[in-house]
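Trainee: sequence-free structure coming up:
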């Protein structure tokens, strides 16, 4: 047995899960499931580029595209004003760069993560001119050529922070966020905001994770005069630790030092929805497991396409694995006093097929 | 001690053997396999096993639970390699046993015994890692091309000798009356008899009560070994009560077709399997592909397989195939079953899965299927293989137990359920890759 891990070791283990997810993303891209020219740029040369098994590629694909659908729905009409996304434990996620390809998008994008992780990300941005150009060019008026010359963002390499008019990387420990804690620089609590946690809050203690929910619902989503400024959250995380698959999952991950700390409290789709309701995302909520999303959210043409990419010989295993991950979402958004439906940002979230 | 015996000893300790010796053994194995039919005839008693997938220590557990080769006659239904950490040692051990005891172990081909699949699912990489070149992988793939596509078990009894319950022990399902013959017996974890069912217990067994948590977890030094004393059929006068229209006393269990995946729309008889040219890489479609890739499913007729190869087939297909071919049961593997085995379609087909905690991740138990011997068949048996699988004989026998109403008339079946070898006996390398999760 190894010596008991220090809390710094535990944090490092959690931070390393990001590299793991990135290698998987690159594998799914290389196999043709996803299109993402940016993921590769965040891989460090020392990281082995393993090709994952087909069921892992498929899971990475579903996780990414399901979140894409949720985000897309938030960003689309009816409300056409500026919106904001905050990615919790964003790690090397490329969503900002993929979204920023659409220069007409009126979006403010924030990422939170440990300074060790944000520094690595910023180093990659500085290594790759293409990434820097996207940040500089996004939300700027004028031709892209102008923006590449003068970087439209500031970096504090020591702190691990990046700041531009529309994209911020914040080095911070999520465990410090609780009701009463002021908003980090650049965050606008008056516009519609979506929080994303992709396998992130699960590593916090249940109380810490709940505090972040309360911090969000107490800081955002207050009704203002004429426009909506609702707030929503979407989670992707494991569920179902009570059956034999779940028990083995908990045991295997704990051997790597990874503890799924909120799994017990939020172990079912029902509990995930209840979590949303109780912690303030109570206008609407939903939760589906990844197997359901695979079967019901992916249109038949797209399914045919991914079926052709690789032989999936792990059918039963896929169903088993996919039933142990979920996407859960909730939002709070009251009709603005003007009562106009087109002032809402989250109403399309109620149209996702429910399990 | 011969070189071969030494190789077996070394592999039993999960240590690879030198490349030159692999080449030699693969060559010898090919000479044996080339003589085998596409559908190899196997005499009961036999122990039928499903997927192994390189889980070497669990294969050792299987031998502990089922008895050693050659003491027990084994039939492995393919998928020896890929996914687990020890495909090489697992497959070579089975292959060495085949060369050493060719009449006591039958190996048939699974869909993973293929060049294309092994490059995706791990066996190729494992060979490169352990030998530094692809030579051993090539030798093994050449052997894969010669593996039989199926097997036909004949001479199985219609009942199993009930395992005596230990003092004070009670089977979980005890619906049997003292004078009834036992058609299905389930030995759960730790060698505990969890179920004994007679032929007249209606309905199908679905083993749903056999989840690991529902079973007592006894120590690994449990009484499993003590229960291995033979699986004879019952006396010659045994007449199955469930058999309608049967005037001839018989206790034969009929013929059992074993195949890795399942049926093919291109194959309506066992004889058609015999006509295939099997000595090739598994094709992407066609009859040979289907036999290795298809799955039974609750549908009518045939359906497209979500696996991208093979087909789905329903109860009507199985019952018709069994009827036309005088089969009482199809045994197949290929699909993970959390409870280790699963009978479907009124017990006309069974899935046997022998890789516990599959991929070190799934949390399932595994099972093997023991078919006992039909003692009344002794005269036929002495006639040798050719006589034994004479269509007329099997048809005549079949007609007695099939009856006119397609009632269950399968062989007596004993399922032994087992779980993954204890973690500490695994001896996994310290830098072992972990089963993957989404993080």
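Mentor: Arrived safely, thanks for sending. In this text, all values refer to a predicted model and were calculated from it rather than measured experimentally.

Trainee: is it true that residue A:210 touches residue A:280?
Mentor: No. Residue A:210 is beyond contact range of residue A:280, at 10.3 Å (criterion: CB atoms under 8 Å). Every residue, glycine included, has its C-beta placed from N, CA and C.

Trainee: Show me where the chain has its helices.
Mentor: Went with chain A since none was named. A:7-30, A:39-42, A:54-75, A:95-99, A:115-127, A:129-137, A:144-149, A:206-219, A:244-255, A:269-278, A:290-296, A:300-309, A:315-322 (DSSP state H).

Trainee: Switch to chain B, please.
Mentor: B:3-12, B:19-33, B:56-66, B:87-100, B:115-121, B:123-131, B:135-144, B:270-274, B:287-293, B:315-324, B:378-382, B:384-388, B:391-402.

Trainee: Contacts (any at all) between chain A and the third one?
Mentor: No. Using CB under 8 Å from any CB of the partner chain, helix B:56-66 stays clear of chain A, coming no nearer than 13.8 Å.

Trainee: buried set for that helix?
Mentor: Buried residues in helix B:56-66, counted by 16 or more other CB atoms under 10 Å in any protein chain shown: B:56, B:57, B:58, B:59, B:60, B:61, B:62, B:63, B:65, B:66.

Trainee: hang on, the earlier thing: figure out which of the helices of chain B is closest to residue A:293.
Mentor: Residue A:293 lies closest, by CB to CB, to one member of those: helix B:115-121, at 24.6 Å.

Trainee: which other helices and strands contact the closest one?
Mentor: helix B:135-144 (3 or more CB pairs under 8 Å, 6 or more residues apart in numbering or on different chains; DSSP states H and E).

Trainee: Got the confidence number for residue B:166?
Mentor: Residue B:166 is assigned a predicted lDDT (pLDDT) of 62.

Trainee: again, but for the one 4 residues further on
Mentor: In the prediction, the pLDDT value recorded for residue B:170 is 58.

Trainee: cool, and residue B:230?
Mentor: 28.

Trainee: Once you drop chain neighbours, what's closest to whichever residue of the stretch 101-250 of chain A sits closest to chain B?
Mentor: Proximity of the stretch 101-250 of chain A to chain B (CB to the nearest CB) peaks at residue A:244, 3.2 Å away. The shortest distance from residue A:244 to any residue other than its chain neighbours is 3.2 Å, reached at residue B:363 (CB to CB, 6 or more residues apart in numbering or on different chains).

Trainee: Would you quantify the distance from that neighbour to residue B:338?
Mentor: 8 Å (CB to CB, to the nearest Å).

Trainee: shared neighbours, those two?
Mentor: Overlap of the contact sets of residue B:363 and residue B:338 (by CB atoms under 8 Å, 6 or more residues apart in numbering or on different chains) consists of residue A:244.

Trainee: Save the helices of chain B as JSON lines, and put in mean pLDDT and distance to residue B:348 too.
Mentor: Output for these, formatted as JSON lines (pLDDT from 0 to 100; distance: least, CB to CB, whole Å):
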{"stretch": "helix B:3-12", "mean pLDDT": "96", "distance to residue B:348": "37"}
{"stretch": "helix B:19-33", "mean pLDDT": "98", "distance to residue B:348": "29"}
{"stretch": "helix B:56-66", "mean pLDDT": "97", "distance to residue B:348": "24"}
{"stretch": "helix B:87-100", "mean pLDDT": "98", "distance to residue B:348": "28"}
{"stretch": "helix B:115-121", "mean pLDDT": "94", "distance to residue B:348": "28"}
{"stretch": "helix B:123-131", "mean pLDDT": "96", "distance to residue B:348": "33"}
{"stretch": "helix B:135-144", "mean pLDDT": "98", "distance to residue B:348": "29"}
{"stretch": "helix B:270-274", "mean pLDDT": "97", "distance to residue B:348": "15"}
{"stretch": "helix B:287-293", "mean pLDDT": "98", "distance to residue B:348": "17"}
{"stretch": "helix B:315-324", "mean pLDDT": "97", "distance to residue B:348": "5"}
{"stretch": "helix B:378-382", "mean pLDDT": "37", "distance to residue B:348": "24"}
{"stretch": "helix B:384-388", "mean pLDDT": "36", "distance to residue B:348": "23"}
{"stretch": "helix B:391-402", "mean pLDDT": "40", "distance to residue B:348": "11"}
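
Trainee: Dump these into TSV; add distance to residue A:120 as well.
Mentor: Shown next, in TSV, are those (distance: least, CB to CB, whole Å):
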stretch	distance to residue A:120
helix B:3-12	45
helix B:19-33	42
helix B:56-66	38
helix B:87-100	36
helix B:115-121	31
helix B:123-131	29
helix B:135-144	37
helix B:270-274	57
helix B:287-293	44
helix B:315-324	56
helix B:378-382	71
helix B:384-388	67
helix B:391-402	69
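
Trainee: shaky segments in the stretch 251-355 of chain A?
Mentor: A:335-342 (pLDDT under 70).

Trainee: Alongside chain B, which residues does it contribute?
Mentor: Counting by CB under 8 Å from any CB, the stretch 251-355 of chain A sits next to chain B at A:252-253, A:255-256, A:258, A:307-308, A:310-313, A:315-317, A:320-321, A:325.

Trainee: Around chain A, which positions in the stretch 251-400 of chain B sit nearby?
Mentor: Counting by CB under 8 Å from any CB, the residues of the stretch 251-400 of chain B that sit close to chain A are B:295, B:306-309, B:335-338, B:357-364.
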